[in-house]
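Asker: One predicted model, sequence on top.
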Amino acid sequence: MGNELSSRYDCVVIGGGIAGMETALLLGDMGFECLLVEKEASIGGKMILLSKVFPTLDCASCIATPKMAAVQNHPRVTLLTYATVESIAPREDGRLEVEITRRPTFVDPSRCTGCGQCEKVCTVARPDQFNQGLVARRAIYIPFPQAVPKKAVIERRGLSPCSAACPAGLKPHGYVALIRKGRLERALHSILREAPLPGVLGRVCYAPCETRCTRGKKGQSIPLRALKRFVAENLPREERFLPEKKIPKKVAVVGSGPSGLSCAYFLARKGLEVVIFERDEAPGGLLRYGIPTWRLPREILDQDLEDIKALGVKIVTGKEIRSLRSLREEGFEAVYLATGSLKPRTLGIPGEDLPGVYAALSFLRSYNTGKPPELSGKKVAVIGGGNVALDCARTALRCGAGEVTVIYRRDREHMPAHSFEVEEALAEGVKFLFRRAPLEFRGRERLEEILLAEVRLGEKDETGRARPVVDPSRTETFRADAVILAIGFQPEAIFRDEGFSYHPDGRLKVDPETLATNVEGVFAGGDCVTGPYMVANAVGAGKRAAYHIYRYLTGEEPRDIDLAPEVGRGDKAARVRLKAPVAYSSVFGENPVPEQAIEAAGRCLDCAVCSSCKECVETCPAGAIDLNMKPQKIRLKAGAVLIATGFRLFDPSSRPLTGYAHYPNVITAMQMERLLAPTRPYNAVLRPGDGKVPGNIGIVLCAGSRDQAAGNPWCSRICCMYSLKQAQLILGAIPIAEVTIYYIDLRAFGKGYEEFLQQAAGMGVHLVKGRVARIDELENGDLVVYYEDMEGRGGVRKARHELVILAVGALANPELRKCVREDLQLDEAGFFREIEPVREPCVTSVPGLFVAGAASGPKDIPDCVLHAGAAAAQIAAYLRSLGSEGA
Amino acid sequence: MKEPRLGVFICHCGGNISDVVDVEKVRQAVEGAPGVKVAQTHMFTCSEAAQQEMIRLIREHDLNGLVIASCSPRLHQETFRQMARRAGLNPYRYVQVNIREQCSWAHPHHPGEATRKAVALVKGGIARALRARSLEPIVIKTRPEAMVIGAGIAGLEAALGLSRMGIKVHLVEKEDRPGGLLRDRGPIFPTDQKGRELVEHLWREIHRDANIRTYFRSHLCGKEGVVGDFRLKICRDGEEKEIRAGAIVVATGARPHTPQPGEWGYGSEGVCTLYEFLLHLAEHPEEKPLFYRGRRVRRLVYVYCVGSREPAGEKARTYCSRYCCTAALYTACLVHSRWPEVTQVHLYRDIRSYGKYEKYYRRALGYGSVFVRYSPQSPPEIHPGGRLRVRVRDLLTAKQEIELEADLVCLVTGLEPVHSPELLEHLKLPVGKEGFFQEVHPKLRPVETMADGVFICGCAQGPRTAEESAASGLAAAAKVGALLLAGEVKREPLVAEVIEERCDGCGECVAACPYGALELSGDRVRVRESLCKGEGACVPVCPQEALQVRGYEHETIKALIDSLAEGLADA
Amino acid sequence: MSVKILVFSTQNISDPGVDLAGSSHLPYSPGVVVIPVPCSSGIDPRWIIYALEKGFDGVFIAADGTDCPYLEDCTTRTGQVVARAQEMAREKGLDPRRIRMAAICSVCAEAFVNHMRNFEKALQELEHGK
Amino acid sequence: MAEIRSRLALLSQNLRYRAHVFPLPVKSLVSWAEGLGLARGGKTILYTGHLYQLLPYLRVLREREQGFVRGRDWLSRLAPVLNPWINVSRLAILGREERRLQEYYTGVLRRVVKLLRKCGVEPGYLYEKEYYPGTLAYDLGLEGVFELQARRVVRAFREAGVRTIITVDPHSTALLREVYPQLFPDWDFEVRSYLEILFQESRHLSLRGEEGVYLWHDSCVYVRYLRMVEEPREILKRAGMEIREPRFSREITRCCGGPAETLFPEKAGELARARMEELSALGPGTVITLCPICHFNLMAVSGPDQRVEDFVRVLRLEE
Amino acid sequence: MIRLRPEWRRIFEARERDLDARRCFNCGTCTTLCPLGLKVLPREIFRYALLGAEEKLRENREAVYACLLCRLCEVNCPQGVKITEVIRLLRVYLAEEDLEVRP
């Protein structure tokens, strides 16, 4: 098999079923270069699904697999699987232009050895198409043991909304899937692989993932944050991501807040030497000094810091970096600035310097360092409407304040704080005063009262919110012993002389993709770039910076650092306003037991199928998994195109009288094929409802064919025969079985077919003339079929069966038609029309386009093979008329 | 033979093998074994890097044999053969040893024994590699020329198809005109084109085609040579003519069954077969009202399955002829469109208008044909006379007996094989139970026969409709094309060979070969390599161990057994 | 010490079945080793006897059966091979029950493993019966 | 045998000579509209098709027959002979049950008008000029009288200047849509079911349903003749009501037995009971019907604690 | 014994109507689904009409009138026979016969 695609082929064969394979092999043998395009992950078509095939009862796999291998090994046949033909257009030179999309399999086929280890660790189960949904397979899977090519593929629909939403690049779907399987250690591992500080995030993250959770749209979302917290706080941190090799390059990180820690964490994992410089006496930055301890216990922060220190990161505390030159002199080749955004904004009104007026961060800092101001019994006001204001209010309550009022200039719905935070504050007894703005803080020695003005909401500003208009004529005084100002922060521009570019509000300007500043070798991220924002964003920015710093220093792309869509870029536009997720941790309490966590995780819908848990990535011995694989467009020139796209099976769920899809023991014939095949999902023929071996089986012919009411008045041609075959195989597999076939006409028309029918009758298969019009279920799962007993006593008769097989018909599969710009005609049943089926078999209405096998009408395997042979002759003749001589 | 210099490579398969089998131990066990020059392990032998490395080693050490112990040969034998070729080593000197599917994965709980087995298997591989010979594919020169026997629809299509592919065609027909069963026919399904016109159309095209020569009133009377270059004789009016061709397509068709006089009223006035009726209609397309041999036809009764689907018994025609239901329905539609006043009644068993042909059933129903289902246990009774009376039990109204009068009873008979003793004699074509020519395998090789280079198509192989005959004619043409177009056929050289010194010419093997690939020449047996398929059916019958298949020589297999037995015994 | 069984399998039909047993992780005894040949009708009874003489406890022919791509009468021919081998075994004083045959198709993994287990058991019994 | 013949003759005579199914005073057919202030005629009219009005009288007949089981043959033999001369209407005096029924159906029709008005449609009405559409005659193959009746109906439409006909029951809708146009080459009326109007407008109405569990019974004619499956469901959904459906629902709904009422009343009862059983197997709840015949038949076999309600009776319009 | 008279149904054609039942391919769906559960309804009735077995049709008059016209069979008929219309036609035929007695 040639792996390299060429830009021109003599013939492109679409469809790797028996007809497509046969034609491709024949043309290849004649010397023509063929490309076989298959939309599934393996060739083999419908035939490979079958058990044995009539009338010789030989094994379908034994016939199909050598053909499949021949296709793969043929020197002039190139195989392209998991690929969809997008368009076929005629060219001026008489040839055809074919456009194909190769869908990403997320597994590098040149590395995959088909060993199947990935399947064992995969966390997501899906119905197995190969087994017609009778059993499950994994999100990563090898289609079936005889697959050609025998390579794994991942069923993946982008990134799950939760994972796409995480600014830190965590994969909630991934760790949920692991928790669901009870693999809690692996869940923690998966979290730690994507971001540090799981304990911190488990406590303080605002969980944008939960807001996006698909489950939440249909009720309560998965408690993603609580699950993370559960594994972060309950499992030992034994596993570390120690670097495989050391890289002798030094990086300085300025600031030990979440962003700096995250950057250091990832760089150290890559083997770089990292030193964090922190001006405070303990590391953690905002986490330690800004977030109240009641929200984030310090043991949790310290445990998270251990993860980083264990990687060899050095944290120098009590040292403020004032110039970058010294760092360069110390041999640091790159610097990450993560200095935060801590400078409080002021109101600029009289009395701001009165004792009793506190800035939010210094208030929180004093609380967090165990030296809170004396507030007991006092009346406290908090100015501001953000999350920090609420933190201050609730902290004030914890300092013993008698009454705490949050004063905000707009209405509740305009508050920048998350609504669930407001609710929690309300629940704790915080009071709110809306549409008021302070004009003056008054008091003799210390604050006694605040002069408030009423605020009117004016026109909407550029952010879409009503502009507050202070009305100084309507004032009131508000008695207060203390006031905490929580009206915002901005970064301190600390390196004014180093040539950095700043935004007017003091934020550093960086490249949003790489987080590089305009100074060579210096990167920046977190609040100093974005202004005050969520911890997760800061962590994400650190991760992004680490990625680019590594690339900057080594010239390599670090494949193991995954910058998922939302991972914190520097641009402010990326901000999202969060709505409260429905299930904000309410599903289970503070300290769940593992069973509760597993159950909660079990509600996940696997909306992107693959959970991105990356267990396969870590397990694959060949390193073949590539989750970044992209679709690939292929354009090529073809002398001829063969349509061998086969047929579709009728879906009986559209016929309610059959009971299919409602009664588990009504199955399709294809499901029966799987139950009978040697590669069957169970080691016996069992009915799906209760796993019982069915003793009395009914086969209902013409389910979805010869039925105008079902939209298909045509005969599907194969069903009579495959049903007779299944009847015989069933009698072989279940010696005590009784099999009844209900028919309108028994169409055993081919060579040896009538004899096959007689053989079945001789074996004791009951043949009943009469179409089953209705199937009912009994309480024990047995089924009752109703038919008119026209050849017996007349009238309606009921018969009871333990399993009913619907011999579903073959429908046209005209999908490809839309790819052809020329007029490609279909016949009345929707199959591709042969214009002159007697004189010129396989020739369609479009020059250069041929059809073979069941794509031109239902056919059994021998007829497909013959038809495919005819197509090869026609194509060879056509190519010769174009001037292609083949070999 | 040069001193053996083997390279042995053992694959970890990233743990798939090495988690169970101690690969290093295997390597050590074979390192330094006689003939082994290089023994290495690789994480993934199939990876491009490992292949480059092996190619380098093959060249550097001038290796003349290669053993790779990895996965199933079905996955990578071809990969490594090609790698060997790239490295300048004859691919048949490469031996694949399967220590994944048949060792590490099969014995995950017995690492020790699995390792021992792996050693045994690798040693077996070495034993085979030591005895492997450089082989080249068997090349059979082919001439781009073919004979098509029979000028019915299948033969005509095959001839045209072959010619359009650039193959010269000799079209041989025993009658004096082309067309077979379609020759004198009116409209046929599914195209509604007249059979006669279709044949004329194809014939004009063939006549214009300088690449096709036709021989009428001729039949095959001799065949010599092998596939790719047969020397064939055809006979015309007692004259013989030799034609050379690389392949033969047999498209001799079938003929409509005719009942014995008296059977089903046949022979009486007003009773005919469908084929006779169709010929009549083609001759008198415009006549109004409808007459058949002087009888005014107002009521027309078709009786289906006459001489078909008979209960098993000697000479019983048990088979279904596939085309007749649709043909009768199509005829009913035809009659209705020309003579709508005619009432048509069909006595049938199962209407087998399969697939898209269902439309003719629907049409016939819509045109007012009445259908009565009868059981073979009580077939319709046809009472001849001025007005024919037909009595039948109608299964569809709970077996009530009904009687009707008819002006014409049309017996819908099937097709039966044409007996062609000359073909059987010269081509040695196998014949199936019903007397039609037998393909090798209905799905894998539907137009091939056990006789190499001889292909079958059309109704000669079994009853079928015109479009199916045409498609099978072209399918045969495609197979011939695949055989002849390249100018040569390359075959795996792993075929039988005779160890001359052992052969005593007893000839037992000649009879055992199903392909006629063995012949006695003097007191020795000779293998006609172009005919041999290498399956080895001859091997066990030779009392002298004089026959063997390359790659599976007696000595090789025994050496292999030795290595395996020893390997397993080394506990 | 496990029983040593030599299996002759066929490249197109039964060897894939044996492979499938492995890739489906259906374990069988490591005393089973396989020699693939093109077709089971081409197995020489003398090889079978040779293997028994060289120390294999049993020889199993995984025949093509009706799926044989070469011969319609493959089963009959293979049957003859086995019968001849059993006869030869008898002549040499070997127990003909040490030779077995069954059709194994390309997906008969379970069947193959069952055959191996049963054969192994039978051979062990023969051993004890000695 | 004779029974079928005599009944056909009876129906035929009534329609031929009286233009009605039963010999009833006109008042009994139009009194439901009293006080609604519906205009006489007009471009858009409400056409009741008389089904709701006739059903209470049908009940009388049935009760009578059951009372005179023995005399039935005698009566039915005699009836066609006497019918042309004797006005049987005296037999049709309503009892208490029938009066209650009549009130109920009057309520249904009045609510339809109310709903239509909410939808912005102000229909006219033909009062005594409204004729029975002839459904029964058509179905039973009495083509002559059916045509006669149909001509009366259409003449009345034309005389009143009607363009759009709003129907309230599926049988009349189907007949006017499927059969009338074949009979009258110049047929150019628009036939709309009140359900279609309601479906179209309900988006803008604040509908509300009564709380409760509802068991759904589709009318054969709506789903299989008129293919009206989703419209009524959608209306209920918008009213915030949830329904339970038996397996035989939508396109495969089962007949209530109603059509057998005329000739085989025992059969009708049997089928109605079977259907009712299927519905009550869904659990306790109120059965909703869309067709007066379904309502009439299912109600007749419902137990004392089973409610069977016409579709419009469970809908509430917020005022 | 039924004497086949398929031409009988031409009386319908004389009325410029098709006896649509001729498309029936005898699967029995209609009979099976019929809520009335009568042995002959509708397929066998149709069959008598198609075969021209007029006396059989008359014998089964009651079945012809029993049909509910509910169309459960019709929407499930694989051949798309307009079953209710056929029943109605048969009623027209029978009614005319009946009512002719009393002009």
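Answerer: Looks like it came in fine.

Asker: how many neighbours does residue B:561 have?
Answerer: A count of neighbours around residue B:561, defined by other CB atoms under 10 Å in any protein chain shown, yields 25. To be clear about C-beta, it is placed using only N, CA and C from the backbone, and glycine gets the same treatment.

Asker: In contact with the residue nearest to it when sequence neighbours are not counted, which residues?
Answerer: Nearest residue to residue B:561 in three dimensions, chain neighbours excluded: residue C:51, at 4.9 Å (CB to CB, 6 or more residues apart in numbering or on different chains). Residue C:51 sits next to B:561, B:565, C:6, C:59 when contact means CB atoms under 8 Å, 6 or more residues apart in numbering or on different chains.

Asker: Of those, which is the nearest to residue A:771?
Answerer: residue C:59 (53.9 Å; CB to CB).

Asker: For stretch A:493-503, which outside residues touch it?
Answerer: Contacts of stretch A:493-503 (CB under 8 Å, 6+ apart): A:322-324, A:337, A:339, A:506, A:508-509, A:517-519, A:522.

Asker: try it again with 6 Å
Answerer: For stretch A:493-503, the surrounding residues in contact (CB atoms under 6 Å, 6 or more residues apart in numbering or on different chains) are A:324, A:339, A:506, A:508-509, A:517-519.

Asker: got it, and stretch A:829-846?
Answerer: A:643, A:714, A:812, A:814, A:822, A:824-827, A:850-852, A:855-857, A:870-871, A:874, B:191, B:466-467, B:470-471, B:474.

Asker: hmm, try it at 7 Å
Answerer: A:643, A:714, A:812, A:814, A:820, A:822-827, A:850-852, A:855-857, A:867, A:870-871, A:874, B:190-191, B:198, B:201-202, B:356, B:466-467, B:470-471, B:474 (CB atoms under 7 Å, 6 or more residues apart in numbering or on different chains).

Asker: Contacts only, for residue A:260.
Answerer: Neighbours of residue A:260 in contact, by CB under 7 Å, 6+ apart: A:253-254, A:276, A:336, A:338, A:542.

Asker: Nearest residue to it in space, ignoring adjacent ones along the chain?
Answerer: residue A:338 (3.6 Å).

Asker: still on that earlier bit, looking at the contacts of residue C:51, which are in helices?
Answerer: B:561, B:565 (DSSP state H).

Asker: Widest-spaced pair of the contacts of residue C:51?
Answerer: B:565 and C:59 (11.3 Å).

Asker: Save the contacts of stretch A:493-503 as CSV, and put in pLDDT too.
Answerer: Below are the contacts of stretch A:493-503 laid out as CSV (pLDDT from 0 to 100):
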residue, pLDDT
A:324, 87
A:339, 92
A:506, 85
A:508, 91
A:509, 92
A:517, 94
A:518, 93
A:519, 92
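
Asker: which among those residues end up buried?
Answerer: A:324, A:339, A:506, A:508, A:517, A:519 (16 or more other CB atoms under 10 Å in any protein chain shown).

Asker: what does chain C have sitting close to chain B?
Answerer: Taking CB under 7 Å from any CB of the partner chain as the contact definition, chain C meets chain B at C:1-2, C:4, C:6, C:16, C:18-19, C:21-23, C:25, C:27-28, C:30-31, C:33-35, C:37-39, C:41-47, C:50-51, C:54-56, C:69-71, C:77, C:81.

Asker: Quick check: ChimeraX command selecting the buried ones in those residues.
Answerer: Filtering the residues of chain C next to chain B down to the buried ones (16+ other CB under 10 Å) takes a single ChimeraX command:
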select /C:2,4,6,16,18,19,21,22,23,27,28,30,31,33,34,35,37,38,39,41,42,43,44,45,46,47,50,51,54,56,69,70,71,77,81
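
Asker: tell me the domain boundaries of the chain?
Answerer: Reading this off chain A. Domain ranges of chain A: A:8-103+A:633-647+A:812-885, A:104-156+A:616-629, A:343-490, A:651-810, per the TED database.

Asker: Correction: the question concerned chain D.
Answerer: Residue ranges for the domains of chain D, per automatic domain parsing: D:2-197, D:206-317.

Asker: Check these for me: which has the lowest mean pLDDT.
Answerer: Ranked by mean pLDDT, those bottom out at domain D:2-197, with a mean of 85.

Asker: For chain E, which residue gets nearest to chain B?
Answerer: Closest to chain B within chain E is residue E:4: 3.6 Å, counting by CB to the nearest CB.

Asker: quick one: that residue and residue E:50 touch, right?
Answerer: No. If you go by CB atoms under 7 Å, residue E:4 and residue E:50 don't touch, sitting 9.6 Å apart.

Asker: the more surrounded of the two?
Answerer: Per other CB under 10 Å, whichever of residue E:4 and residue E:50 has more neighbours is residue E:4, with 24 against 21.

Asker: and that one, how far is that from residue B:361?
Answerer: For residue E:4, the distance to residue B:361 equals 20 Å [CB to CB, to the nearest Å].

Asker: cool, and residue A:819?
Answerer: Distance of residue A:819 to residue B:361, computed by CB to CB: 34 Å.

Asker: among the contacts of stretch A:829-846, which ones are buried?
Answerer: Here, 16+ other CB under 10 Å leaves A:643, A:714, A:812, A:814, A:820, A:824, A:827, A:850-852, A:855-857, A:867, A:870-871, A:874, B:190-191, B:198, B:202, B:356, B:466-467, B:470-471, B:474 buried among the contacts of stretch A:829-846.

Asker: List the ones among those that fall in strands.
Answerer: Counting by DSSP state E, the buried ones among the contacts of stretch A:829-846 place A:643, A:850-851 in strands.

Asker: Would you check which of those residues are in contact with chain D?
Answerer: Okay, of these, nothing touches chain D (CB under 7 Å from any CB).

Asker: what's the burial count for residue A:513?
Answerer: Applying other CB under 10 Å, I find that residue A:513 has 12 neighbouring residues.

Asker: Equivalent analysis for the one 10 residues further on, please.
Answerer: By other CB under 10 Å, 30 other residues sit near residue A:523.

Asker: what pairs with residue E:3 across the strands?
Answerer: residue B:403 (DSSP bridges).

Asker: Tell me the spacing between it and chain D.
Answerer: Between residue E:3 and chain D the distance is 24 Å, computed by CB to the nearest CB, to the nearest Å.

Asker: And residue B:294, by the same measure?
Answerer: Distance of residue B:294 to chain D, given as CB to the nearest CB: 45 Å.

Asker: Repeat that for residue A:184.
Answerer: From residue A:184 to chain D the distance is 40 Å (CB to the nearest CB).

Asker: pretty sure that residue is in contact with residue A:231, am I right?
Answerer: Yes. Counting by CB under 7 Å, residue A:184 touches residue A:231, with 5.5 Å between them.

Asker: more neighbours, the two?
Answerer: It is residue A:231, of residue A:184 and residue A:231, that has more neighbours when counted by other CB under 10 Å, with 25 against 20.
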